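> Sharing a model prediction with you, sequence too.
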Amino acid sequence: MLRRALSLLGILQIATLASVVMVVVSLAVVLWHQTDDYFMPLPNYLSSIKIALPPLAIFLASYVIAFVTGTALADTSKLAIAFCRNRLLQSAAGMSAVVVASLIIATSCAVYVNETTPPAYARLLSALLGASSDESQLVKNEIDAIRKSNPALAAQLTKVVEVFAERSAVNAGKKQVQSERAKVLVRSLESFDTAEWQQHPLRKIGAAEAYVLYGQSIEQAGQGFASPDSADAAYQRATALLGEVRDANSSLVPGLLKASATNNLGNAFYYMKQNERALASWRQANSPAFGRTNLSSWSNIVAALILLDRPVEAIQEGERAKDWAATSGRALIEPYQYAGLVGNLAFAKWEVGDTVGALADLATAHAFQEDDLTRQNLALGLIVQKRHDDAQRLMRHIAPPASRTDNGTDKKVARCVYLIWGLAMPTGALADRAANFSAFLGEARSQTELELFDEVQLGKLVERAANGLPNAAYPCGSLAKIKVIRELLVVNP
């Protein structure tokens, strides 16, 4: 028996049967890759009943055999088995052809699975990298679905979503970066149970964002773990992780994720105040190399040009982006990103003295995305136009001003809010104005101290606020680059 099995015919028979099994498994893997079952662990999927041959396929195959051979339908399965046993498995040429064809099919399946992005994963990425509340709900729905078949992965993805939600809230001006929370986010994403999750691009991009948040919190608090360089160390770790995602050659890193990683790399350089490197990364993210033009990177390009004292070029870039967004419809599809673009265009117009055009753009940004950040920017535009009452009404949608009886120590309110309040009440009581500039500086003062402020002391406090603005947490700190904002903080110009 053993001698027969080890004969050439026996070896070919074993190879043929193995190759058929290999094709069935390969096709099952492709089916797993293409369906919503992708997030189920592959071994679990292969052992499930979902890969059983559909009854319809067997039914149709039986009819084809009956039609071609003229055999009765009830005998088709017997005919197929007899053909394989008596003809195919007795023919060296036939079995060799089956083995070769099976190898080609299995190889093609492997290449397809390794080089194409699973549709379910692509859908998750599209929702995760968006910024609207609708997309946030889509992400939650996707993770809830994943949790049913892979609770461990769902738990890890939830950490990534938490980081993105934190970043969105900070960018929208809804909250300040909190050091302890940022530290926990870093630790949760830098701990991993499996090598697969350690190398997963979503873990890396989430951890990078957490490191950037932590770096910001260190700068905001003015302290680090052990040295004044720890904020820079956090940013360096972020850039390393983002570089790995950007340069990855994997079906899990499609153009959308590469562009996002490259854009975020520019963000990290921006927080490190390396504006030339930030501009280069943002231009790369917005280039045809990634097969897409995106408003987020284009908006950042405008911001970088302003920071590099190139406002005319920033306006030209911004107007091109604004026209493209309108004609392509992206302004309606990506209102959050469009609002950021138009807001940055307004800052560029401020730099060339077009305060009326800037206010119009700030109003447009607020109309497309009503959040605390667009409210703050529009309030500044109204202050520049000396419409202080309108600015105050708008700011009350964010938070009330600090006052001599409430010195604005609410950590949930971004400090920049109090700076804008201080500018919005030029004729207000000295004690109340001092309370807002003190809150911006993070300095708590008693009612008695505030009521002792005179014009000279207030002037010195405003001057300290102006000197501290460049070191404030971004994006507030970037206002120090805008000439009209600096002029608002000049005492007795």
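Received it, and whenever you're ready, just let me know what you need.
> Give me the distance from stretch 175-184 to the chain's centre.
Centre-to-centre, stretch 175-184 and its host chain are 18 Å apart (Cα atoms, centre = their mean, to the nearest Å).
> show me the contacts for residue 140.
residue 161 (Cβ atoms under 8 Å, 6 or more residues apart in numbering). In short, each C-beta sits where N, CA and C put it, glycine included.
> How far does the helix or strand encompassing it sit from its chain's centre?
Here residue 140, judged by DSSP states H and E, is contained in helix 133-149. In terms of Cα atoms, centre = their mean, the centre of helix 133-149 is found 15 Å from the chain centre.
> Pull out the buried positions in that helix.
Across helix 133-149, burial judged by 16 or more other Cβ atoms under 10 Å covers 136, 138-139, 142-143, 146-147, 149.
> Also stretch 421-436?
421-425, 428, 430-436.
> List of residues touching that stretch?
By Cβ under 8 Å, 6+ apart, the surrounding residues in contact with stretch 421-436 are 379-380, 383, 388, 391-392, 395, 401-404, 406-408, 418-419, 437, 440, 445, 447, 450-451, 453-455, 457-458, 461-462, 465, 488-489.
> hang on, the earlier thing: in JSON lines: the buried residues of stretch 421-436, plus pLDDT and distance to residue 242.
As requested, the buried residues of stretch 421-436 are exported to JSON lines (pLDDT from 0 to 100; distance: Cβ to Cβ, whole Å):
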{"residue": "421", "pLDDT": "95", "distance to residue 242": "36"}
{"residue": "422", "pLDDT": "94", "distance to residue 242": "36"}
{"residue": "423", "pLDDT": "95", "distance to residue 242": "36"}
{"residue": "424", "pLDDT": "95", "distance to residue 242": "38"}
{"residue": "425", "pLDDT": "94", "distance to residue 242": "42"}
{"residue": "428", "pLDDT": "91", "distance to residue 242": "44"}
{"residue": "430", "pLDDT": "93", "distance to residue 242": "47"}
{"residue": "431", "pLDDT": "92", "distance to residue 242": "46"}
{"residue": "432", "pLDDT": "92", "distance to residue 242": "44"}
{"residue": "433", "pLDDT": "93", "distance to residue 242": "42"}
{"residue": "434", "pLDDT": "93", "distance to residue 242": "42"}
{"residue": "435", "pLDDT": "93", "distance to residue 242": "40"}
{"residue": "436", "pLDDT": "92", "distance to residue 242": "37"}
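> Residue 138 is in contact with residue 127, isn't it?
Yes. Using Cβ atoms under 8 Å, residue 138 makes contact with residue 127 at a distance of 4.0 Å.
> ok, back up a step: okay, angle between the next helix or strand after the helix holding residue 140 and helix 133-149 too, please.
Along the chain past helix 133-149, the next helix or strand (assigned with DSSP H and E) turns out to be helix 151-171. Counting by axes from the mean of the first three to the mean of the last three Cα atoms, to 10 degrees, helix 151-171 lies at 160 degrees to helix 133-149.
> name the helices or strands packed onto the helix or strand hosting residue 449?
Following DSSP H and E, one finds residue 449 within helix 447-451. Using 3 or more Cβ pairs under 8 Å, 6 or more residues apart in numbering; DSSP states H and E, the elements in contact with helix 447-451 are helix 430-440.
> Only alpha carbons, please: show the helix it packs on as PDB.
C-alpha atoms of helix 430-440 as PDB (Å, rounded to 0.1, in the frame of the first residue of the first chain):
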ATOM      1  CA  LEU A 430     -11.100  97.200  34.300                       C
ATOM      2  CA  ALA A 431     -11.600  94.400  36.900                       C
ATOM      3  CA  ASP A 432     -13.600  92.200  34.400                       C
ATOM      4  CA  ARG A 433     -11.200  92.800  31.600                       C
ATOM      5  CA  ALA A 434      -8.300  91.900  33.900                       C
ATOM      6  CA  ALA A 435     -10.200  88.700  34.900                       C
ATOM      7  CA  ASN A 436     -10.300  87.600  31.300                       C
ATOM      8  CA  PHE A 437      -6.700  88.300  30.500                       C
ATOM      9  CA  SER A 438      -5.600  86.600  33.700                       C
ATOM     10  CA  ALA A 439      -7.700  83.600  32.800                       C
ATOM     11  CA  PHE A 440      -6.000  83.400  29.500                       C
END
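> Quick one: distance of that helix to the chain centre.
So, by Cα atoms, centre = their mean, the centroid of helix 430-440 is 36 Å from its chain's centroid.
> Same check on stretch 419-438?
36 Å.
> Just the terminal-to-terminal distance for that stretch.
This stretch, stretch 419-438, spans 9 Å end to end (Cα to Cα, to the nearest Å).
> now the helices for the stretch 351-493 of the chain?
Using DSSP state H, counting those that start in this stretch, the helices found in the stretch 351-493 of the chain span residues 355-368, 372-384, 388-395, 415-424, 430-440, 447-451, 455-468, 483-488.
> Tell me which of those helices lies nearest to residue 111.
Across the helices of the stretch 351-493 of the chain, residue 111 has its closest neighbour in helix 355-368 (43.3 Å, Cβ to Cβ).
> Pick the one among the buried residues of helix 133-149 closest to residue 318.
residue 136 (27.4 Å).
> domain ranges for this protein?
Following automatic domain parsing, the chain resolves into domains at 2-115, 147-287.
> okay, the residue most central in space within the chain: pLDDT?
Centroid-nearest residue in the chain, with Cα atoms, centre = their mean: residue 129, separated by 3.9 Å. Note for residue 129: predicted pLDDT of 81.
> so what's it up against?
256-257, 260.
> Out of those, show me where the pLDDT dips lowest.
Within the contacts of residue 129, pLDDT reaches its minimum at residue 256, with 87.
> distance of the nearest residue to it once chain neighbours are set aside from residue 304?
Of all residues not flanking residue 256 in the chain, residue 125 sits nearest, at 5.8 Å (Cβ to Cβ, 6 or more residues apart in numbering). Distance, residue 125 to residue 304, by Cβ to Cβ, to the nearest Å: 26 Å.
> which of those two has more neighbours?
Legend: neighbour count by other Cβ atoms under 10 Å for residue 125 and residue 304, higher for residue 304 (25 against 21).
> just checking, the more buried one touches residue 270?
Yes. Counting by Cβ under 8 Å, residue 304 does reach residue 270; the two are 7.2 Å apart.
> shared neighbours, the two?
With Cβ under 8 Å, 6+ apart as the test, residue 304 and residue 270 both reach residue 278.
> so which helix or strand takes in residue 104?
helix 92-115.
> same question, residue 298
helix 295-307.
> List of residues touching stretch 378-393?
By Cβ under 8 Å, 6+ apart, stretch 378-393 touches 346, 350, 355-356, 358-359, 362-363, 365-366, 394-395, 401, 420-421, 423-427, 479, 484-485, 488.
> follow-up on the earlier one: quick one: which of the contacts of residue 129 is nearest residue 114?
Lowest distance from residue 114 to the contacts of residue 129 (Cβ to Cβ) belongs to residue 257, with 16.3 Å.
> The closest one: which element?
helix 255-271.
> Helix or strand next in line after that helix, which one?
helix 275-285.
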